[in-house]
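Chemist: Sequence first, predicted coordinates after that:
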Amino acid sequence: MAGINGIVKNRRFEDEGSGLGVRHLQIFLLFCGLTVGFAMRVNLSVAVVAMTDAATINPDFPEYPLSEKTKSWVLSSFFWGYVATQVPAGTLARRFGGKVTLLTGVSICSVLNLLTPLCARLGGWPLVCGLRLIEGLCQGVFFPSSHTIISAWIPPRERGSLATCAYTGGQFGTIVMLATSGLLASSAWGWPSIFYVSGACGFLWVVAYYVWGASSPQDSKSISAEEIKLIEMSQANESAGNSQQPNNRQATPWLSFLYSGPFLALTAVHAASAWGYWTLLTQIPSYMNNILGKDIKSNALLSSLPYIANLVLSFVFIWISKIMEKSSLSLSFNRKFFNTIGQYIPMILLVALGYVPKENDTLAVVLLTLTVGINAACHLGFQVNHIDLSPNYAGTLMGISNGLASIMSLNAPLLVGAIVTDKYNVEQWRVVFFIAAAIYLVGNGLFIIFGTANVQPWNDPPAKHRRSSVYPELESQKPMNCDK
């Protein structure tokens, strides 16, 4: 009878909503961590303007002139390091806990940000390039670690909405940096303050996360018995009935990943998303400047509009997902529905952008903003599908797919450079847009056909004996939970 009462209590707790719990605090901490992480990622992109033209912006600080080619090497050095640590980051996060890897990455990045002005003065751009490479290595742990933490903390039915809340921190950090970098560069502290503020915020987050963060509910000292029971029961229902919880040293089923149709489809759609997204953010400003005569880079508001739209629409899509959760629609349908919105609508708008006449440059800005903004629906699509497929190896799966996606995003500008030999030729730019649209079409098409939100068999190691469960109370309650 007590067991039945416990189930009823937890179902009521889940159905009526528990208010804010410790799991929501973890999501807020991840949001803040990704905010400072992305601020440190993009700060050089905005600071480089003041560093190369200090005489105009703030003559009291040193200037470092450099060619466009050198600038591209410096800005890309971060991403070469970022790609390198994606796969090992997922394995390390599962072995030592996402909190450990995330704290390590942000701590080192914060130190390097504080040292950036000094490195620029002592070693010039070569030393800054090396420093950014190390920062990329450290930030490569961000998404695999975050996925590992989210998979441990968040019940399946809340996964899409709460994960989206966490990952919007990246957009928020970018917006804050774009909005404040100009003010900081022209202030009495000059462009070095961009790096000092970023590094200081990183250290503040490290302290907060060290105190209140936890890799899993079992590691938390403040979670209530009722909330941890809710999380454990929801995850127990999701796991295969003939499996046992893997330990941190359990061998990773690499071959199973490579032969898994749903994961290969997920990797394809992730790579397609990266190609289209970074084509938009890195090449559209050049297109609008050279073809439409609209310089959005020189206007902080126009530069941040796509990110603002992405942030705002993320919460709109969360609201829609909450409504859909109350229906009988499957989780697989929800993932494919939001991913289709996030890729096929931007696909259409991207092609339309190539046919906007020069006199309608405002329409072009609207299309660009909507294209990047609507892409936020992917947070509720493929972005959390790694956790659906394998809660136990979500960080490793994210590391693999994000690593390949990062390589795609690095190669996108190279293809654009090969196609667009005349930057004022609109026909060449349209070829670029059609290629990006085709990649969107194929990537999401594979996800629709082969993707799923069901936990894969290789997620759980087979149980050698049906001994007592890791959570005995849950094991005793499972037979009564017939309606799940």
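Modeler: Ah, there it is.
Chemist: For Ser314, which non-adjacent residue is spatially closest?
Modeler: Ala376 (4.3 Å; CB to CB, 6 or more residues apart in numbering). Yep, even glycine has a C-beta here, placed from its N, CA and C like the rest.
Chemist: ok, which stretches of the stretch 51-200 of the chain are helices?
Modeler: Taking DSSP state H, counting those that start in this stretch to define them, one finds helices in the stretch 51-200 of the chain at 54-57, 68-84, 86-96, 98-139, 142-153, 159-185, 192-212.
Chemist: Show me what the second one is packed against.
Modeler: This points to helix 68-84. With contacts taken as 3 or more CB pairs under 8 Å, 6 or more residues apart in numbering; DSSP states H and E, helix 68-84 sits against helix 22-52, helix 98-139, helix 394-419.
Chemist: Would you format those helices as a markdown table with distance to Tyr277 and mean neighbour count included?
Modeler: What follows is these, written out as a markdown table (distance: least, CB to CB, whole Å; neighbours: other CB atoms under 10 Å):
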| stretch | distance to Tyr277 | mean neighbour count |
| --- | --- | --- |
| helix 22-52 | 14 | 23 |
| helix 98-139 | 17 | 20 |
| helix 394-419 | 7 | 21 |
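Chemist: Ile231 is nearest to which of the ones you listed?
Modeler: Shortest separation from Ile231 across the helices and strands packed on helix 68-84 is recorded for helix 22-52, at 6.8 Å, computed as CB to CB.
Chemist: got the angle between the closest one and helix 159-185?
Modeler: Computed with axes from the mean of the first three to the mean of the last three CA atoms, to 10 degrees, the direction of helix 22-52 lies at 30 degrees from that of helix 159-185.
Chemist: Count the residues that sit near the residue nearest to Gln26 when sequence neighbours are not counted.
Modeler: For Gln26, ignoring the flanking residues on the chain, the nearest one in space by CB to CB, 6+ apart is Trp153 at 5.1 Å. Residues lying near Trp153 (other CB atoms under 10 Å) number 27.
Chemist: wait, isn't Trp153 in contact with Gly21?
Modeler: No - between Trp153 and Gly21 there is no contact under CB atoms under 8 Å: 9.7 Å.
Chemist: can you list the weak-confidence ranges in the stretch 101-250 of the chain?
Modeler: Low-confidence segments of the stretch 101-250 of the chain (pLDDT under 70): 238-249.
Chemist: So the residue lying closest to Phe450 once chain neighbours are set aside: helix, strand or coil?
Modeler: Leaving out its chain neighbours, the residue that sits closest to Phe450 by CB to CB, 6+ apart is Ala265, at 3.8 Å. Classification of Ala265 by DSSP: H, G, I helix; E, B strand; the rest coil places it in helix.
Chemist: distance of Ala185 from Cys119?
Modeler: Per CB to CB, to the nearest Å, Ala185 is found 18 Å from Cys119.
Chemist: And the strands in the stretch 351-484 of the chain, which stretches?
Modeler: Taking DSSP state E, counting those that start in this stretch as the criterion, the stretch 351-484 of the chain carries no strands.
Chemist: Show the residue spans covered by the helices in it.
Modeler: 361-374, 385-389, 394-419, 426-450, 472-477.
Chemist: Turn the ones you listed into TSV, columns for distance to Gly37.
Modeler: Shown next, in TSV, are the helices of the stretch 351-484 of the chain (distance: least, CB to CB, whole Å):
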stretch	distance to Gly37
helix 361-374	19
helix 385-389	19
helix 394-419	14
helix 426-450	26
helix 472-477	35
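Chemist: Present those helices as JSON lines; the columns should include distance to Ser193 and mean pLDDT.
Modeler: Converted to JSON lines, these look like this (distance: least, CB to CB, whole Å; pLDDT from 0 to 100):
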{"stretch": "helix 361-374", "distance to Ser193": "28", "mean pLDDT": "88"}
{"stretch": "helix 385-389", "distance to Ser193": "38", "mean pLDDT": "94"}
{"stretch": "helix 394-419", "distance to Ser193": "29", "mean pLDDT": "88"}
{"stretch": "helix 426-450", "distance to Ser193": "37", "mean pLDDT": "93"}
{"stretch": "helix 472-477", "distance to Ser193": "52", "mean pLDDT": "43"}
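Chemist: Of the ones you listed, which is nearest Gly261?
Modeler: helix 426-450 (4.8 Å).
Chemist: Next, the angle helix 394-419 makes with that closest one.
Modeler: For helix 426-450 against helix 394-419, the angle by the same axes, to 10 degrees is 160 degrees.
Chemist: same for helix 426-450, what does it pack against?
Modeler: helix 261-290, helix 331-353, helix 394-419.
Chemist: and Arg94, which of these is closest to it?
Modeler: helix 394-419 (5.7 Å).
Chemist: Return the list of helices and strands in contact with the closest one.
Modeler: helix 68-84, helix 86-96, helix 142-153, helix 254-258, helix 261-290, helix 385-389, helix 426-450.
Chemist: Can you list the neighbours in contact with the last one?
Modeler: Counting by CB atoms under 8 Å, 6 or more residues apart in numbering, the neighbours of helix 426-450 from elsewhere in the structure are 261-262, 264-266, 268-273, 275-276, 279-280, 283, 287, 291, 336, 339-340, 343-344, 346-348, 350-351, 353-355, 381-382, 412, 415-416, 419-422.
Chemist: Filter the residues you listed down to the buried ones and hand me the PyMOL line.
Modeler: A single PyMOL command selects the buried members of the contacts of helix 426-450 (16 or more other CB atoms under 10 Å):
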select buried, resi 262+264+265+266+268+269+270+271+272+273+275+276+279+280+283+287+291+336+339+340+343+344+346+347+350+351+353+354+381+382+412+415+416+420
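Chemist: Which one of the helices of the stretch 51-200 of the chain lies nearest to Leu367?
Modeler: Comparing the helices of the stretch 51-200 of the chain by CB to CB, helix 159-185 comes nearest, at 18.7 Å.
Chemist: ok, the residue nearest to Ser314 - how many residues close by?
Modeler: Residues lying near Ala376 (other CB under 10 Å) number 26.
Chemist: close enough to count as contact, Ala309 and Thr371?
Modeler: No - using CB under 8 Å, Ala309 is not in contact with Thr371, being 9.0 Å away.
Chemist: Who has more neighbours out of the two?
Modeler: Set Ala309 next to Thr371 and count neighbours by other CB under 10 Å: Thr371 wins out with 24 against 21.
Chemist: For Leu280, see how far away that one is.
Modeler: Computed as CB to CB, the Thr371 to Leu280 distance reads 6 Å.
Chemist: And for Cys378?
Modeler: From Cys378 over to Leu280 the distance is 13 Å, taken as CB to CB.
Chemist: wait, what's in contact with Gly170?
Modeler: The contact partners of Gly170, taken as CB under 8 Å, 6+ apart, are Leu34, Thr35, Gly37, Phe38.
Chemist: Can you report how many residues neighbour the residue nearest to Asp422 when sequence neighbours are not counted?
Modeler: With CB to CB, 6+ apart as the criterion, Asp422 has its nearest non-adjacent residue at 6.3 Å, and that residue is Gln428. By other CB under 10 Å, the residues close to Gln428 number 15.
Chemist: What of Ser187?
Modeler: Ser187 sits with 13 neighbouring residues when counted by other CB under 10 Å.
Chemist: surely it meets Tyr196?
Modeler: No - applying CB under 8 Å as the test, Ser187 and Tyr196 come out as separate, 11.2 Å apart.
Chemist: picking up where we left off before, closest to Tyr64 out of the helices and strands packed on helix 68-84?
Modeler: Tyr64 lies closest, by CB to CB, to one member of these: helix 22-52, at 5.2 Å.
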